[in-house]
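> give me a model of this one.
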Amino acid sequence: MKVRFARWLGISFMVAGVAAILVCLGIAFSGMPEVGLVVGIVLGPGFIAFGWLYLDRLPYFILTDANLVVPIQPVHSRALNGGRLTVDGVRLVIVRPGEEPEKLPVYRWYAHPDDWAKVVATITQGGLRH
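Below you'll find the model as predicted:
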């Protein structure tokens, strides 16, 4: 199950990119053109591109029966072997017999609301057991 980023994240990055371009243009025309143009050429379009990726092009996380994969931070990917998924407020938790519950590195407010609702519904209906 692919879970998209919340739209507000992508839009925020894109707005920040436009703002960075405008500020850097102001700096460029106020007496420091080399600094303003160099920073504006890199920073603004970088934020815009990052925001564009967050708008449905890059999943926030992918949840399967065996794994949680976080594409933007592979170090946070987890194997879910031998556990049961639950929802603890704004996070997913894996509960394994004889171990402390492990909070997974994904948060509700970064996830698209419709996708988060599907994940919660799937978990509460008994899906994604390992």
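> residue nearest the centroid of the protein?
Geometric centre of the chain, nearest residue: residue 60, 4.1 Å, by Cα atoms, centre = their mean.
> residues in contact with that one?
Residue 60 is in contact with 3-5, 70, 72, 106, 110-112, 115, counting by Cβ atoms under 8 Å, 6 or more residues apart in numbering. C-betas here are computed from N, CA, C, even on glycine.
> can you get me a residue count around residue 78?
Using other Cβ atoms under 10 Å, residue 78 is surrounded by 18 other residues.
> nearest spatial neighbour of it, chain-adjacent residues omitted?
residue 68 (4.6 Å; Cβ to Cβ, 6 or more residues apart in numbering).
> now do the same contact list for that neighbour.
The contact partners of residue 68, by Cβ under 8 Å, 6+ apart, come to 61-62, 77-78, 80, 92, 104, 106.
> sort those by pLDDT and name the bottom one.
Among the contacts of residue 68, residue 80 carries the weakest pLDDT, at 79.
> can you tell me how far that one sits from residue 102?
9 Å (Cβ to Cβ, to the nearest Å).
> which one (most neighbours) among the contacts of residue 68?
residue 61 (28 neighbours).
> re the thing from before, what sits in contact with each of residue 80 and residue 102?
Joint contacts of residue 80 and residue 102 (Cβ under 8 Å, 6+ apart) are residue 94.
> can you give the strand pairings for the worst-scoring helix or strand of the chain on mean pLDDT, parallel or anti for each?
Ranking every helix and strand in the chain by mean pLDDT, DSSP states H and E puts strand 78-79 at the bottom, with a mean of 84. Here strand 78-79 is paired, per DSSP bridges, with strand 67-69 (antiparallel).
> could you list the low-pLDDT ranges of the protein?
Low-confidence segments of the chain (pLDDT under 70): 127-130.
> strands of that one, start to end?
Here the chain has its strands, by DSSP state E, at 2-4, 59-63, 67-69, 78-79, 84-88, 91-95, 102-107.
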